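> Kindly generate the corresponding structure for this input.
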Amino acid sequence: MLDKNALAQLQSLKKEIHDSVPRHEGRVRSTGGRFGFVNTDDGQQFFISPDEMEKLLPGDRIQFRVEPAGEGKEQAIAEKLISSEQNEFFGRYVIRGKGHFIEPDHATLNRWIFVPPAARKNLAEGDLVRAHITQHPFPKGRVQADVDDVVGKPDEDHIEQTFIRAKWNIPHQFSDEVMAEVTRLTEQGTDGLAKERTDLTHLPFVTIDSANTRDIDDALYAEALSEGWALWIAIADPSALIEPGSALDKEAEQRSTSVYFPDQVIPMLPPELSEQLCSLQENENRLAMAVELRIREDGGIEQVHIHNALIRSHAKLSYNQVASFLDSDKPDIAAELHGPLVHLDGCARALTQWRDRHCLIMEDRPDYKLITDEHGKVKDIVRIERNQAHRLVEECMLACNRAIAGWLAEKGSGFFIAHAGVRTERKGEVAALLKEHLPLEKKPQLETLEEFVDLMQQADRSDSELPLRMIVSRQLERSNLSREAGPHMGLGFRFYTTFTSPLRKYNDLLIHRLVRALLAGDVPELPHDDILQAIQTNQTNARLAATQAEIWMKLQWLATQDADTLYDASIVHMNSGTITVRLDATGIEGTIDRRKAGKEWTFDTKTISHRSEKASFVLGQAVRVKVRELQPAARVAKFALA
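Take a look at the predicted model:
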């Protein structure tokens with residue numbers, strides 16, 4: 001038995017050893033595998049082994065020590081759980097023998113969660129559920145959850161949208177208070193407001209959209225002048241009816257955007273407004289904000305005039321109708337609209353040429369339409385090529401948005417969509433890539449709009465064997481809403497905002513309010529940064545929700561096809577372990593595992609390519625693939641090179 005002095009010395013030695021081991025605090029980050037990392041506030045990152053990761057959840061804030069992990073490496077060992085942000089989650093109920101689990105539908109929570117017997121509630125295999133963590137795995141590695149709700153059964157009609165909508169908390173009904181306001185506005189009508197507006201109903205505006213579109217928020221008219229064109233873009237004006245701070249306004253702010261699922265639209269504004277009273281329907285007088293642009297023959301914008309207007313759409317035209325008219329001598333359009341449509345086409349082509357010289361133009365990409373049955377299942381996927389009518393409308397919208405942004409910047413007010421160009425951590429490799437493949441004397445800085453546009457235009461013209469523009473595009477920052485007037489590097493615009501979709505996007509509705517206030521000589525109240533951030537987050541979540549439902553439905557359809565089918569595809573992205581491809585006919589994306597490709601293959605981060613001495617895979621390359629594994633509900637498609 002140790003005496004008191006020896007025991008004290010031993011305790012002192014233990015404390016010295018404990019104090020000598022480095023300790024930190026940080027946040028846990030999971031990966032696609034079983035291991036993870038912990039990031040400290042000062043930017044350090046430490047590896048977490050699979051065994052240690054069993055005790056933790058993504059997002060946990062922990063106190064940890066750092067220990068050697070062999071071969072000169074270090075690992076983090078959790079000593080204390082400070083806080084955990086992981087609670088509610090959605091997933092699929094799984095029964096394996098006597099064990100009941102939930103497989104989370106979650107970007108980072110990639111482990112099955114045990115459901116104890118007392119919490120099982122007669123749930124069935126495959127049930128889609130909402131649940132919450134009841135027992136954190138720290139320190140013993142045993143995590144448990146309880147089910148709160150059953151969202152639906154896997155074979156229910158439209159279950160994909162139902163589940164994804166619940167997961168992303170997408171509201172799909174309007175409150176009685178909101179609908180009472182809508183009823184009042186509908187009964188009140190717009191005649192009183194129309195009297196105070198510039199009457200443009202004599203101009204033969206037309207709308208050009210998909211044939212089944214009902215929430216129509218833009219109409220176009222163009223007139224050829226002795227030099228250039230007068231281009232009019234009329235935008236629906238719900239901001240004239242919706243009072244700031246009203247229940248309807250708060251609901252629109254909370255939703256921030258309309259959500260377009262493959263066979264269902266969840267509108268930002270109730271259909272009574274977005275599809276009727278405010279929609280620019282054919283042969284109906286409607287309130288609008290009309291932007292009048294004088295376009296030079298070279299496509300430059302010379303003058304900008306904005307009107308609180310009353311307009312009347314003289315025809316609801318589809319993209320196919322307009323494209324057919326522009327391409328043939330057998331128009332299916334009223335004769336009095338032929339001239340304005342020809343002028344619109346000429347103006348749009350001039351705008352395109354101007355952008356091609358001074359800005360950046362993205363290559364045309366096809367759209368894909370899902371044809372669904374009464375149960376919400378995909379019967380077919382149709383590839384839709386962009387035609388001249390699509391390009392015409394796009395050019396007019398871009399011209400309107402950048403003109404409004406420039407007008408607001410001159411006024412020293414408003415908010416903008418900013419894009420900073422190449423991500424900071426990727427600038428070194430991008431600069432080196434461009435220096436090697438373009439005739440440059442030194443590495444570019446990639447800091448100014450002018451330099452970036454010039455480099456990307458050179459990349460487009462380059463005869464390099466690499467798709468330089470595509471490589472750079474995979475390494476760009478995301479755009480963001482900002483009260484500072486700055487450039488949009490991705491489009492090559494000095495200033496940019498969006499003004500043309502106020503029926504569908506709340507930030508566009510707010511821009512309408514700001515423009516109207518400035519036209520009246522008032523000082524507008526700008527939205528706070530936290531409001532802009534919330535709008536951006538809500539819109540990002542809505543896009544993710546719609547995309548996830550679409551992928552789920554597409555993969556269900558793909559699973560019904562012949563298993564031996566070979567598909568033409570293109571490489572759209574790569575990292576060290578995978579190649580991501582997109583099927584040409586359907587737009588379905590999936591991955592090809594390259595982790596066992598062999599030591600002769602290497603991945604180059606600078607060129608985003610896989611290479612060996614005899615072959616290579618580069619972005620944009622055409623390949624043929626076959627299906628290796630499909631998990632539709634998990635939205636996972638794995639392919640193999642054919």
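> so where do the strands sit in the stretch 251-400 of the chain?
259-261, 264-266, 285-295, 301-318, 367-372, 378-384 (DSSP state E, counting those that start in this stretch).
> and those strands as JSON lines, adding mean pLDDT?
Output for the strands of the stretch 251-400 of the chain, formatted as JSON lines (pLDDT from 0 to 100):
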{"stretch": "strand 259-261", "mean pLDDT": "96"}
{"stretch": "strand 264-266", "mean pLDDT": "94"}
{"stretch": "strand 285-295", "mean pLDDT": "98"}
{"stretch": "strand 301-318", "mean pLDDT": "97"}
{"stretch": "strand 367-372", "mean pLDDT": "96"}
{"stretch": "strand 378-384", "mean pLDDT": "96"}
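> I'd like these laid out as CSV, including mean neighbour count and distance to Pro527.
In this view, the C-beta of every residue, glycine as well, is placed from N, C-alpha and C. Compiled in CSV, the strands of the stretch 251-400 of the chain are given as follows (neighbours: other CB atoms under 10 Å; distance: least, CB to CB, whole Å):
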stretch, mean neighbour count, distance to Pro527
strand 259-261, 23, 21
strand 264-266, 17, 23
strand 285-295, 22, 18
strand 301-318, 19, 20
strand 367-372, 16, 32
strand 378-384, 14, 36
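> Tabulate those strands in TSV, adding columns for distance to Val151.
Shown next, in TSV, are these (distance: least, CB to CB, whole Å):
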stretch	distance to Val151
strand 259-261	15
strand 264-266	16
strand 285-295	39
strand 301-318	37
strand 367-372	20
strand 378-384	21
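> For Ala348, find the nearest of the ones you listed.
Nearest to Ala348, of all the strands of the stretch 251-400 of the chain, is strand 285-295, at 9.5 Å by CB to CB.
> Can you list the strands that the closest one pairs with?
strand 229-236 (antiparallel), strand 301-318 (antiparallel) (DSSP bridges).
> Make a markdown table from those strands and add distance to Ser246 to it.
Formatted as a markdown table, the strands paired with strand 285-295 follow (distance: least, CB to CB, whole Å):
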| stretch | distance to Ser246 |
| --- | --- |
| strand 229-236 | 18 |
| strand 301-318 | 20 |
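> for the protein, what's the longest helix?
If you go by DSSP state H, the chain has its longest helix at helix 529-559.
> need the contact list for Ser612.
598, 600-602 (CB atoms under 8 Å, 6 or more residues apart in numbering).
> From these, pick the one nearest Pro439.
Nearest member of the contacts of Ser612 to Pro439, counting by CB to CB, is Thr602, at 27.5 Å.
> out of the contacts of Ser612, which are buried?
Neighbour counting over those (16 or more other CB atoms under 10 Å) leaves no buried ones.
> Make CSV from the residues you listed and add secondary structure, distance to Thr213 and pLDDT to it.
Shown next, in CSV, are the contacts of Ser612 (DSSP: H, G, I helix; E, B strand; the rest coil; distance: CB to CB, whole Å; pLDDT from 0 to 100):
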residue, secondary structure, distance to Thr213, pLDDT
Gly598, coil, 51, 88
Glu600, coil, 52, 93
Trp601, coil, 47, 95
Thr602, strand, 48, 95
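> related to what we said a few turns ago, now do the longest helix of the chain and strand 378-384, the angle between them.
Relative orientation of helix 529-559 versus strand 378-384 (axes from the mean of the first three to the mean of the last three CA atoms, to 10 degrees): 110 degrees.
> Going by neighbour count, list what's buried in helix 529-559.
Neighbour counts using 16+ other CB under 10 Å place 531-532, 534-536, 538-539, 541-542, 545-546, 548-558 of helix 529-559 among the buried residues.
> How about stretch 76-88?
So for stretch 76-88, counting by 16+ other CB under 10 Å, buried means 76-78, 81, 84, 86.
> Max pairwise distance over the residues you listed: which two?
Of all pairs in those, the most separated under CB to CB is Ile77 and Gln86 at 20.3 Å.
> In the stretch 101-250 of the chain, what residue spans correspond to helices?
Using DSSP state H, counting those that start in this stretch, the helices assigned to the stretch 101-250 of the chain run over residues 159-167, 176-188, 191-194, 247-255.
> what's the last one packed up against?
Judged by 3 or more CB pairs under 8 Å, 6 or more residues apart in numbering; DSSP states H and E, the packing partners of helix 247-255 are helix 176-188, helix 506-519, helix 529-559.
> I'd like to know which of the ones you listed lies nearest to His106.
Comparing these by their distance to His106 (CB to CB), the top pick is helix 529-559, with 11.7 Å.
> Mind pulling up the pLDDT for Gly33?
For Gly33, the model assigns a pLDDT of 82.
> for it, helix, strand, or coil?
What DSSP: H, G, I helix; E, B strand; the rest coil gives for Gly33 is coil.
> OK, contacts around it?
By CB under 8 Å, 6+ apart, Gly33 lies in contact with Pro50.
> what domains does the record give for this structure?
With domains defined by automatic domain parsing, the chain comprises 23-83, 88-154, 190-400, 420-477, 561-641.
> Among these, show me which one is buried the most.
domain 190-400 (a mean of 18; mean count of other CB atoms under 10 Å).
> Could you give the separation of it from the chain centroid?
Centroid separation for domain 190-400 versus its chain: 21 Å, with CA atoms, centre = their mean, to the nearest Å.
> what pairs with Trp232 across the strands?
Bridge pairing for Trp232 (DSSP bridges) gives the partners Tyr221, Glu292.
> right, and it touches Val291 too?
Yes. If you go by CB atoms under 8 Å, Trp232 and Val291 touch, sitting 7.3 Å apart.
> Let me know the pLDDT of Ile361.
On the pLDDT scale, Ile361 is placed at 94.
> mind listing what it touches?
When contacts are counted by CB under 8 Å, 6+ apart, Ile361 touches 352, 355.
> Please save the CA atoms from stretch 371-383 in CSV.
C-alpha atoms of stretch 371-383 as CSV (Å, rounded to 0.1, in the frame of the first residue of the first chain):
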residue,chain,number,x,y,z
ILE,A,371,-44.0,13.5,-66.8
THR,A,372,-45.9,12.1,-63.8
ASP,A,373,-49.0,9.9,-63.3
GLU,A,374,-51.9,10.4,-60.9
HIS,A,375,-49.9,8.9,-58.1
GLY,A,376,-47.0,11.3,-58.5
LYS,A,377,-44.6,8.7,-60.1
VAL,A,378,-42.5,9.5,-63.1
LYS,A,379,-43.7,8.0,-66.4
ASP,A,380,-41.1,9.6,-68.5
ILE,A,381,-38.3,12.3,-68.5
VAL,A,382,-38.2,14.6,-71.5
ARG,A,383,-35.1,16.6,-72.4
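> From Ile62, how far off is Arg23?
11 Å (CB to CB, to the nearest Å).
> scratch that, Cys396
For Cys396, the distance to Ile62 (CB to CB) stands at 53 Å.
> ditto for Arg296
Arg296 is 61 Å from Ile62, by CB to CB.
> Same check on Ile511?
Applying CB to CB to Ile511 and Ile62 gives a distance of 43 Å.
> hang on, Gln445 is in a helix, isn't it?
No. The assignment for Gln445, made by three-state DSSP, is coil rather than a helix.
> name the element the residue lying closest to it once chain neighbours are set aside belongs to?
Excluding its sequence neighbours, the residue lying closest to Gln445 (CB to CB, 6 or more residues apart in numbering) is Glu451, at 6.6 Å. Secondary structure assignment for Glu451, by DSSP states H and E: helix 449-461.
> can you list contacts of the helix or strand that that helix is followed by?
Using DSSP H and E, the helix or strand that directly follows helix 449-461 along the chain is helix 468-473. By CB under 8 Å, 6+ apart, the list of residues contacting helix 468-473 from outside reads 422, 430, 433-434, 437-438, 456, 459-460, 462, 607-608, 619-620.
> how does it look with 10 Å?
By CB atoms under 10 Å, 6 or more residues apart in numbering, the residues outside helix 468-473 that reach it are 360, 362-363, 421-422, 426, 429-430, 433-434, 436-438, 446, 452, 455-462, 464, 467, 490, 571-573, 606-609, 618-620.
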